[in-house]
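> Sequence plus the predicted model coming up.
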Amino acid sequence: MARAKEIREDLGAQTVLLGVDRLDYTKGLRQRISAVGELFHEGRLYADRTVFMQVATPSRERVQEYQRLRDDIELQVGRINGAIGRIGRAPITYLHASFPREEMAAMYRAADVLVDTPLRDGMNLVAKEYVASRTDATGALVLSEFAGAAEELR
């Protein structure tokens, strides 16, 4: 719980949205980041109160398509942050890294909302891990009908 509190303090936001995915085109990361950017631009999310944190676990890094996907996403995040961010406050925090299970559990506990919106997916445990981490029955889950866990979490 202490680490979750640290993460929230580091992000400096009242509301934390979280996405956790392998860096893969089936996960819909471009579309998700674009949608979050639109919500900020349209004033439906406020950059001074909300942060979207996207964890993109490295995947198939030697494949040129995946390198291009990473470059595209990083450019997209930079454009959004440059347009609506301010000194010391980026509306999107993008992490292209793998994290130990304990750190992921802390991120899940720190997040108010998990955004799990793949374009198509098999049995992905992210949504279930988020729900399991919410021992205080708080938090919200935005889950695509195309997520593998959608049927079970209805």
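Structure's in. What do you need?
> so Leu17 is in which element?
Using DSSP states H and E, Leu17 sits in strand 15-22.
> Give me the buried positions along that strand.
Neighbour counts using 16 or more other CB atoms under 10 Å place 16-22 of strand 15-22 among the buried residues. Glycine gets a C-beta too; all of them are placed from N, C-alpha and C.
> Please apply the same query to stretch 130-144.
130, 133, 139, 141, 143-144.
> quick one: low-confidence ranges for the chain?
Along the chain, the model assigns pLDDT under 70 to residues 122, 145-154.
> In it, spot the helix with the most residues.
When the chain is parsed with DSSP state H, its longest helix is helix 64-84.
> what packs against the helix or strand following it?
As assigned by DSSP H and E, the chain's next helix or strand after helix 64-84 is strand 92-95. Here strand 92-95 touches helix 29-41, strand 50-57, helix 64-84, going by 3 or more CB pairs under 8 Å, 6 or more residues apart in numbering; DSSP states H and E.
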